[in-house]
Each structure stands twice: as C-alpha cells, then as structure tokens.
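[1] here is the input, now give the coordinates:
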Amino acid sequence: MSKRNEHISPADGTDLDSTADKAVKAINKVDDKVTALRRQRMTDPDTLGDKAVKAIIPSLAGLVGGKLFQLVWNSVTSKVHPDLDDDERDRQSGIMMSMLFAAASAAFGVLVTRISDKGALDFVQHRQAKRTRR
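    From the prediction side, this is the model:
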C-alpha cells in the first residue's frame, strides 16, 4: 500500500459517503423545486399579454387619476385664494392644505387603482374564458 492510502481510515470513508449523500439530497431538493416551479408556470393561464394588461392598466389609471385630481385641486384652490394679498393667510394654512392634499390624493389614487385593477382582472378573465371556449 502506498503512504497515501495508509492515512484513510474506515471512518473517513463513511464521512465521504455521508457527504455525497448530503450533496445528492441537496441536488434532489433543488430539482424538486425547479420541477414544481416549471409545473406552476405551465399551468398558469395568464399569457404574457394578460400579465402586461394586469400591470399596465392599473398603473396608467393611477397616474392619470392622480394628475386629474391635481388639476381639480389646483383649480379649486385657485378660486378660493385668487389674490396675492392673502399670502400671509396662505402661509399659515399651507401645511394643513399640503397634508390634506396628500391624504386626499393618496385616497383617490388607491380608489382609482383598485377599480382599474378589478377591471383589468375581469377583462383578462373574460379573455381567458373566450380562449378556452375555442
């Protein structure tokens, strides 16, 4: 026997076997996860277009709704304080108006986004139902 093989004991051989078993178990675990993800992707009824519609429509509706809210807010507040003479009063109520605008704008944005999200989801489900009937 060579000097190299003299240093390996039976205990070291079983350690190699257990390490190999652990590696095989880890690889099998990864393989099972990949297989589950592939199965999930293959059974997903959404096409790429469906996913794009469900992402783009609520985003654009929220953006447009926010801009419309800002335009309405600016037109209403400009009618309330048309003069530059009441600047001191505007400065005093400025922080409250800013907080009110932020809260109202956020609430309106959430409302528009939720409604458009529901509409986009209904539209996609309708398209999927039409695809399955063919």
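[2] how close does G109 get to V76?
    To V76, G109 is 17 Å away according to C-beta to C-beta, to the nearest Å. C-betas here are computed from N, CA, C, even on glycine.
[3] the more surrounded of those two?
    G109 (16 against 9; other C-beta atoms under 10 Å).
[4] low-scoring stretches of the chain, by residue?
    1-14, 80-92 (pLDDT under 70).
[5] for it, which segments count as helices?
    Assigned by DSSP state H, the chain shows helices spanning 3-6, 10-43, 48-80, 87-133.
[6] for the last one, the distance to its chain's centre please.
    Pointing back at helix 87-133 there. 16 Å (C-alpha atoms, centre = their mean, to the nearest Å).
[7] what is it packed up against?
    helix 48-80 (3 or more C-beta pairs under 8 Å, 6 or more residues apart in numbering; DSSP states H and E).
[8] P45: what's its closest spatial neighbour, skipping adjacent residues?
    Leaving out its chain neighbours, the residue that sits closest to P45 by C-beta to C-beta, 6 or more residues apart in numbering is Q128, at 5.3 Å.
[9] now do the same contact list for the one you found.
    45-46, 50 (C-beta atoms under 8 Å, 6 or more residues apart in numbering).
[10] got the domain ranges for this structure?
    Using automatic domain parsing, the domain parsing of the chain gives 3-41, 46-133.
[11] pick the most buried one from those domains.
    The highest mean neighbour count among the domains of the chain, using mean count of other C-beta atoms under 10 Å, belongs to domain 46-133: a mean of 13.
[12] straight-line length of that domain, end to end?
    16 Å (C-alpha to C-alpha, to the nearest Å).
[13] quick check: K22 vs K29, distance?
    Taking C-beta to C-beta, one finds K22 at 11 Å from K29.
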